[in-house]
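Chemist: Just need the structure, nothing else, for what follows:
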Amino acid sequence: MWEKLYGFACNAAITSLTRARAGVIAETKTGARFVSQVLDEAAGILSAEGYPPHVLLVRGNDGLDEITTTTTTSAWIAQDGAVRQDTIDPSRLGISPALPADLVGGDASYNAQVVRELLAGRPGPVRDAVLLNAAGAVAVFNGLSDDVHADLLAAKDVVARAIDSGAGAALLDRWITLSSKLAASGE
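Modeler: All right, here's what the predicted structure looks like:
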């Protein structure tokens, strides 16, 4: 959780300094370099502090603030007091390139349907993006090696099994039931 909060703080810093979203900044002439410098500095701070022991900061080279499936992703890996840069290539993980339009959400009803289809095991670009980003979290939790692609590939299989087991769909159903009860009771 601490890592995610630090990531939000990095995005907030970039946004506050430039008054635009990090993805928009990265698309400008010198913006990608600026975002990279902020993330490199953030990774260095995390590594110097020694907590958490493994950190993966990412920026999709399409401007998305996550591991992207439309192209490669720049990654800063902080561990054992050092920071290294790497590039995550989804094609090396068995993921076909997506089009940006494949990943665009919609209204609440549409997005809910996409989540249900994802949890039902529907293949496609949304599932690939979810698998890859969840794999990043699992890989960090497991501890990163010198081969980020091998770490992500192993974690991606774990995440796919978790989704395909039906546990995610069952949990979503429990959350819906609970939230409906709470809404009805006025809590």
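Chemist: ranges for the helices of this structure?
Modeler: 2-18, 22-26, 31-49, 108-119, 125-142, 148-164, 167-185 (DSSP state H).
Chemist: give me the low-pLDDT residue ranges for the chain?
Modeler: Low-confidence segments of the chain (pLDDT under 70): 1-27, 35, 43, 46-47, 49-53, 187.
Chemist: picking up where we left off before, columns distance to residue 55 and mean neighbour count on top of the helices of the chain, output as TSV?
Modeler: From N, CA and C alone the C-beta is placed, and that goes for glycine too. Output for these, formatted as TSV (distance: least, C-beta to C-beta, whole Å; neighbours: other C-beta atoms under 10 Å):
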stretch	distance to residue 55	mean neighbour count
helix 2-18	6	14
helix 22-26	17	20
helix 31-49	5	17
helix 108-119	27	14
helix 125-142	7	19
helix 148-164	12	17
helix 167-185	26	11
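Chemist: any chance of the ones you listed in a markdown table, plus distance to residue 94?
Modeler: Listed next are the helices of the chain as a markdown table, based on distance: least, C-beta to C-beta, whole Å:
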| stretch | distance to residue 94 |
| --- | --- |
| helix 2-18 | 26 |
| helix 22-26 | 26 |
| helix 31-49 | 26 |
| helix 108-119 | 18 |
| helix 125-142 | 9 |
| helix 148-164 | 8 |
| helix 167-185 | 21 |
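Chemist: start to end distance for stretch 59-76?
Modeler: One end of stretch 59-76 to the other measures 9 Å (C-alpha to C-alpha, to the nearest Å).
Chemist: Can you list the buried residues in that stretch?
Modeler: Under the neighbour-count criterion of 16 or more other C-beta atoms under 10 Å, stretch 59-76 has 59-60, 62-76 buried.
Chemist: Can you tell me which of those residues end up in strands?
Modeler: Counting by DSSP state E, the part of those found in strands is 59-60, 73-76.
Chemist: and which of these is nearest residue 107?
Modeler: Nearest to residue 107, judged by C-beta to C-beta, of these is residue 60 at 24.2 Å.
Chemist: Touching, the closest one and residue 71? I think so.
Modeler: Yes - at 6.9 Å, residue 60 counts as touching residue 71 under the criterion of C-beta atoms under 8 Å.
Chemist: and the gap between residue 99 and residue 163?
Modeler: Per C-beta to C-beta, to the nearest Å, residue 99 is found 22 Å from residue 163.
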